[in-house]
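Peer 1: model the structure of this input:
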Amino acid sequence: MVDAVVSYAVEKLGTFLIEEVSLRQSLRENVLWLRNELSFMKAFLKDAETKQEQDNLVQQWVFEITSVANEAVAVLEAYSSDAAKDGDHAAGFVDRLKACACICQKEAKFHNIGKDIQSLKERVMDISRKRDTYGITHINNNAGEGPSNRPNDQSSTLIRTLRRAVSYADEDQLFVGFQEVFQRLLDELLKKEPRRNVIQIYGMGGLGKTTLTRNLYNSPSLITTFHTRAWICVSQQYSTPDLLRSIIKSIDGCSEEMLKMLKEMTERDLETHLRNLLKERKYLVVVDDVWHREAWESLKRALPDNKNGSRVILTTRKEDVAERVDDKGFSHKLRFLNNEESWDLLCKKLHPENKMVGADLFSPSMERLAMEMVDKCRGLPLAIVVLGGLLSYRKGVDEWQKVKTHLWQHMKNDSVEITHILSLSYSDLSFELKQCFLYIGIFQEDHVIDTEKLMHLWLAEGLIPRIREEHMEDIAENFLHELISRSLIQVAETFFDKILTCRIHDLLRDLAVQKAMEVNLFDIYDPRVNLVTPYRHRHAIHTQTQRYLSLDLSELKNIYIVGNKLPDAIGNLVHLKFLGLSNTNLFNLPSSIGKLKNLQTLDALIDDCCSCKLPSQITQLTNLRHLITRYEVPLQVDRLTNLRTLKFIRCDQWKHTDASGLVNLQELGMEKIEKSYSLKSIGSLKSLTTLFLVCSYGETFPPLDPLSSCENLQRLWLSGRIEEVAIVNNLPKSITVLVLQSTVLFTGLEEDPMPILGKLPNLKHLELSRAYNGKKITCNGNSFGQLETLRLGDLKNLESWHIHTTAMSVLKSLTIFGCPELKKIPERLEHIAVLDGNQSQREYYYRFPN
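Peer 2: Sure thing, here's the model as predicted:
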């Protein structure tokens, strides 16, 4: 990871030398010397990082290198920022006088930067002397390095790795050793006991408390029993008002009026409001990851006992917390897995597509090594799945033997400490992946992370490498999948083949934060200390404090600003690449935002209904790749030729757009469509892969024929009224995901759409929701040949379903909800069917378009 930090500094110094052609010779020589010396030191970093765990002096040496590298970047960016402000002048006489003054100012800045570079040069010379003192050598050893770090395994191999389909197992589906306790806890939750009962699940970190609880929470029997459900994560640092607000929003939604009301409420007001909200309801509330008894005490007053069978599930690592929550409640301590369960879990992780657990998946030598290693995990599920993720990227006996040798060096009491397994898995990452993994530590503990936002942040931070013709967004998505397949992060929410949100286990987040601090990657602001470490370019503020430090913030999520307008000073952040304003009250953006020439992502999605007033200067942001917002005044978005994502644009704003210039646009979301509008221009979007079309309430779609020209279209979401099935007859054959949804009941198709949809050759995932009013559906022979997932929702009149023996031959998942007249499903699909599935229509409609 230190290598990546130094590489970034070397790149910045090189760019500075190219761009600043007017540098004085002495300053240019010092910058060049610093660049070359840092580049030379990279060769010694692998040996240093290997030794630093055992040698504090070497650890200090590594820290000093990262400090110098970060300070060099800070000095250059501070200079470039001032230079950009000085150069922002018009061509008038007064401005020419100002420009002359700026020449003098620039000379002064050159003098200042010269002093800073000279100081850094002296520090680097001192670091070089220490290298010999500490015995740090230039090594070429591939032990413990990721695939792209090993000799003769450069970018070409990375490209091949990225292009392969990553196969990963959702951690929640690795449900080994929990079946009996799952059923026992389910019985307790469904017990005919009127009092509000608290189920306490406790055990050490990594045993699977949250995984078990999430499977309970999403079980169909609990969904049908508890119509009011909420989940909150407490963690070590918590705010009781925020926890109360989270529960209320889960139950009552997030309208503008609701959010404003909740912000103004005191803790006592929130308690009263939640209690009143729940007093007539049978509810299930999960209180996850409680560290202190006081956290539960502050919440339980707002969770009334209505004598109607309401339940609370509480998870904690601490036995003393669990014992004191509810004397009459049910308490369960999670056990470790036995040897057989441990082996089954490893096999499932290594081969998620193989249902025969314990089958002959390895050579005898590899199986012996795997058994020895999994035995030393001592039945801790997190250790086993992370080990499995590591081994899945190591091929052959020799590679597995290296992993075992490394683990055996850290044996304690005949077992491997989980921290060493996690560290080894981290060390096995490429330099680029290390940066992306460590960056996740900047999010709060137990935070559910929007994957699209995470990837946009990776791009903005320069963490994603440029590889030939590869789109950087595609590389970021492959990085995400690899971190998931290695079990370093976990899938939180999906929609068919798209990962919507993810999370990171507390122990892995602790590792990310620790390693990030070692290399000065970011700083997490602690209001109790009220200071920020110098020369860390990234700062996270997770607090409600009213007094913020002067930081170059990139994301202002969940804040309240007086006047509903972003300050004009935002235009001074000329290096800003990501600006996130979601869930704020910022309905007006200033014209100065047009100065942010480096901006790549603007996420100003206020909420599900409100729009934002964007200035016309937005069209000057020629580097903008992702524009995610509802806005009022029409913009000439066709000027933004680098756009990859444009979501929530209104149809009447789009109709005058010359879409032929948007050659890079891959994802388009369009709302408030009416039958009178034409979608003709969409047909010119040859790079389009994802399209959301949402009609105005109760409105009918115009002809969809233009979509047939979108030859790369893969995901299509149609939300609105479709009058005739012929309208979907000419959809492009490239479609793999299709959602047909009507916003109003009984306004769907009268003719069975299955015969036409079944002819789409590449369709893998299909949802019909309120989209058909008929009583019968028929799937003809050999239709839906690639379909893996089918969801049928709110088809209120559907009574029968005929399916040919050769139709839907590879179907893996069938979910049916809101189809009360459908008494029987085809017999050969019964084993994969889930009735009354675990997501409501409301969750579908509002979650995915965002």
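
Peer 1: hey, where'd the helices end up in the stretch 351-500 of the chain?
Peer 2: Along the stretch 351-500 of the chain, the segments classed as helices by DSSP state H, counting those that start in this stretch run 364-375, 381-391, 397-408, 418-427, 431-439, 451-460, 472-485.

Peer 1: how far does the longest one sit from the chain's center?
Peer 2: How far helix 472-485 lies from its chain's middle: 10 Å, per C-alpha atoms, centre = their mean, to the nearest Å.

Peer 1: sketch out the low-pLDDT regions of the stretch 701-850 of the chain for me.
Peer 2: 746, 835-850 (pLDDT under 70).

Peer 1: for it, just list every one of the strands.
Peer 2: 715-719, 737-741, 765-769, 776-779, 789-793, 800-803, 813-817, 833-835 (DSSP state E, counting those that start in this stretch).

Peer 1: where do the domain boundaries of the chain fall?
Peer 2: Domain segmentation of the chain under automatic domain parsing yields 2-133, 178-333, 337-427, 431-519, 714-850.

Peer 1: worst-scoring helix or strand of the protein, pLDDT-wise?
Peer 2: Least confident helix or strand of the chain, by mean pLDDT, DSSP states H and E, is helix 841-847 with a mean of 31.

Peer 1: which residues are in contact with the spatially most central residue of the chain?
Peer 2: By C-alpha atoms, centre = their mean, the mean C-alpha position of the chain lies nearest to T451, the distance being 2.2 Å. Going by C-beta atoms under 8 Å, 6 or more residues apart in numbering, T451 touches L480, I499, L500, T501, C502. (C-beta placed from N, C-alpha, C; glycine too.)

Peer 1: what's near enough to touch the last one?
Peer 2: Contacts of C502 were listed using C-beta under 8 Å, 6+ apart, and they are V448, I449, T451, L454, L480, I484, I489, Q490, V491, A492.

Peer 1: got it, and the first one?
Peer 2: For L480, the contacting residues are T451, L454, M455, I489, I499, C502, by C-beta under 8 Å, 6+ apart.

Peer 1: mean confidence score for stretch 589-596?
Peer 2: Averaging pLDDT along stretch 589-596 yields 90.

Peer 1: sorry, back to before: and of the contacts of C502, the nearest to I735?
Peer 2: Nearest to I735 among those: T451, at 22.1 Å, using C-beta to C-beta.

Peer 1: ok, the closest one to S809 distance?
Peer 2: Noted for T451: a distance of 31 Å to S809, by C-beta to C-beta, to the nearest Å.

Peer 1: and E767, how many neighbours?
Peer 2: 21 (other C-beta atoms under 10 Å).

Peer 1: give me the nearest residue to it, chain neighbours excluded.
Peer 2: Nearest non-adjacent residue to E767, counting by C-beta to C-beta, 6 or more residues apart in numbering: R791, 4.1 Å away.

Peer 1: quick one: neighbours of that neighbour, just the number.
Peer 2: When counting by other C-beta under 10 Å, one arrives at 20 neighbours for R791.

Peer 1: is it bridged to anything, and to what?
Peer 2: Beta bridges link R791 to E767, T815, judged by DSSP bridges.

Peer 1: tell me the contacts of it?
Peer 2: L766, E767, L768, S769, L814, T815, I816, F817, G837.

Peer 1: partner residues bridging I313?
Peer 2: I199, V286.

Peer 1: ok, it to L798 distance?
Peer 2: 35 Å.

Peer 1: ok, D705 next?
Peer 2: As judged by C-beta to C-beta, D705 and L798 stand 28 Å apart.

Peer 1: one step back: more neighbours, I313 and L798?
Peer 2: Counted by other C-beta under 10 Å, I313 and L798 do not tie: I313 has more neighbours, with 25 against 21.

Peer 1: quick one, what contacts the more buried one?
Peer 2: Listed by C-beta under 8 Å, 6+ apart, the contact partners of I313 are L189, V198, I199, I201, T213, L216, Y217, L284, V285, V286, V287.

Peer 1: again with E711
Peer 2: By C-beta under 8 Å, 6+ apart, E711 lies in contact with K686, P732, S734.

Peer 1: share the number of residues neighbouring D652, please.
Peer 2: Count around D652 with other C-beta under 10 Å applied: 12.

Peer 1: is it true that it touches Y677?
Peer 2: Yes. Between D652 and Y677 there is a contact under C-beta atoms under 8 Å: 7.2 Å.

Peer 1: just put the strands of the stretch 701-850 of the chain in JSON lines and tack on distance to L185.
Peer 2: Below are the strands of the stretch 701-850 of the chain laid out as JSON lines (distance: least, C-beta to C-beta, whole Å):
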{"stretch": "strand 715-719", "distance to L185": "36"}
{"stretch": "strand 737-741", "distance to L185": "34"}
{"stretch": "strand 765-769", "distance to L185": "31"}
{"stretch": "strand 776-779", "distance to L185": "38"}
{"stretch": "strand 789-793", "distance to L185": "28"}
{"stretch": "strand 800-803", "distance to L185": "35"}
{"stretch": "strand 813-817", "distance to L185": "24"}
{"stretch": "strand 833-835", "distance to L185": "20"}
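
Peer 1: helix, strand or coil for C502?
Peer 2: What DSSP: H, G, I helix; E, B strand; the rest coil gives for C502 is strand.

Peer 1: ok, back up a step: closest one of the contacts of L480 to K300?
Peer 2: C502 (30.5 Å).

Peer 1: and the closest one, bridged to which residues?
Peer 2: Per DSSP bridges, residues listed as beta-bridge partners of C502: I449, V491.

Peer 1: and the strands in the stretch 551-700 of the chain?
Peer 2: 578-580, 601-603, 626-628, 645-650, 667-673, 690-695.

Peer 1: can you redo those as JSON lines with distance to D252, mean pLDDT and mean neighbour count?
Peer 2: Listed next are these as JSON lines, based on distance: least, C-beta to C-beta, whole Å; pLDDT from 0 to 100; neighbours: other C-beta atoms under 10 Å:
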{"stretch": "strand 578-580", "distance to D252": "25", "mean pLDDT": "88", "mean neighbour count": "22"}
{"stretch": "strand 601-603", "distance to D252": "25", "mean pLDDT": "91", "mean neighbour count": "24"}
{"stretch": "strand 626-628", "distance to D252": "25", "mean pLDDT": "93", "mean neighbour count": "24"}
{"stretch": "strand 645-650", "distance to D252": "23", "mean pLDDT": "90", "mean neighbour count": "21"}
{"stretch": "strand 667-673", "distance to D252": "24", "mean pLDDT": "92", "mean neighbour count": "20"}
{"stretch": "strand 690-695", "distance to D252": "24", "mean pLDDT": "94", "mean neighbour count": "21"}
